[in-house]
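1. Below are the sequence and a predicted model; questions follow.
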Amino acid sequence: DVKVTQSSRYLVKRTGEKVFLECVQDMDHENMFWYRQDPGLGLRLIYFSYDVKMKEKGDIPEGYSVSREKKERFSLILESASTNQTSMYLCASRYGAYVGTEAFFGQGTRLTVV
Amino acid sequence: GNSVTQMEGPVTLSEEAFLTINCTYTATGYPSLFWYVQYPGEGLQLLLKATKADDKGSNKGFEATYRKETTSFHLEKGSVQVSDSAVYFCALSDSRSGANNLFFGTGTRLTVIP
């Protein structure tokens, strides 16, 4: 079974802190994604990566950066956390370039910024 | 561009009732279509998919048919159970910048009461 593991289920951070969210997948997938989930807004793409050290902005990249130094790991970084970044963060991975492949999701990290 | 419009929730049904959750899409090419389900406290998991027009995806009693002429992918189940209570997301996939991105609807929360 494919497994996508996010490092924390729940996080509480203070405004202005630098926050790291880690995601690891064990199926050698090329593509990895970070989404943000908010009520009434569905899932919005923050960043994605289609190879090691390759990254592209999604729909809402402001205030975030990412790192992909190894194929299995994709990190989301909040440079200076703000209260409007309180949300559920979901990591996903997906195989190859075929549009019909399934994406596998981690269990989510619920981040609260106080 | 690409987008997914999904029936607003929440939806509350009695056990054994018929379920329909509407989903329509806009796409620039020939997308694949998906339904994902999120059970309480968990990440998303694939429920079913269809990769070309007139394909029917099915799983766990749920069905959806890829209708290119109406750009729709409505989710149906003939008899819902309490265990089907979850949030359902319609999604489409296309290729962008070397990676396959998924575009999600806003999600529909289903509650099934005994």
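-> Received the coordinates, thanks.
2. which ones are touching residue A:104?
-> Under the criterion of Cβ atoms under 8 Å, 6 or more residues apart in numbering or on different chains, the contact list for residue A:104 reads A:2-4, A:25, A:27, A:29, A:92-94. No exception for glycine: its C-beta is placed from N, CA and C like everyone else's.
3. Give the helix, strand or coil label for residue A:68.
-> strand (DSSP: H, G, I helix; E, B strand; the rest coil).
4. Would you agree it is in contact with residue A:50?
-> No - with contacts counted by Cβ atoms under 8 Å, residue A:68 stays clear of residue A:50, the gap being 9.4 Å.
5. Which helix or strand in chain B has the lowest average pLDDT?
-> strand B:99-104 (a mean of 76; mean pLDDT, DSSP states H and E).
6. Kindly state the pLDDT recorded for the closest residue to residue A:14 other than its chain neighbours?
-> Spatially, and ignoring its direct neighbours in sequence, residue A:14 is nearest to residue A:114 (6.0 Å; Cβ to Cβ, 6 or more residues apart in numbering or on different chains). For residue A:114, the pLDDT comes out at 97.
7. Spell out which parts of chain A neighbour chain B.
-> A:4, A:30-31, A:33, A:35, A:40-43, A:45, A:48-51, A:54, A:56, A:58, A:90, A:92, A:94, A:96-103, A:105-108 (Cβ under 8 Å from any Cβ of the partner chain).
8. Show me which of these are buried.
-> A:4, A:30-31, A:33, A:35, A:42-43, A:45, A:48-50, A:56, A:58, A:90, A:92, A:94, A:99-103, A:105-108 (16 or more other Cβ atoms under 10 Å in any protein chain shown).
9. Show me the shaky parts of chain B.
-> For chain B, applying pLDDT under 70 flags the ranges B:95-100.
10. now with 80?
-> In the predicted model, chain B carries pLDDT under 80 at residues B:1, B:28-29, B:94-101.
11. Is the closest residue to residue B:49 other than its chain neighbours in a helix, a strand, or coil?
-> In space, residue B:49 comes closest to residue B:34 once its chain neighbours are excluded; the distance is 4.6 Å by Cβ to Cβ, 6+ apart. Here residue B:34 is recorded as strand under three-state DSSP.
12. these two touch, right, residue B:34 and residue B:105?
-> No - Residue B:34 is beyond contact range of residue B:105, at 10.3 Å (criterion: Cβ under 8 Å).
13. which residues do those two both contact?
-> Common neighbours of residue B:34 and residue B:105 (criterion: Cβ under 8 Å, 6+ apart): B:90-91.
14. Looking at the buried ones among the residues of chain A next to chain B, which are in strands?
-> A:4, A:31, A:33, A:35, A:42-43, A:45, A:48-50, A:56, A:90, A:92, A:94, A:103, A:105 (DSSP state E).
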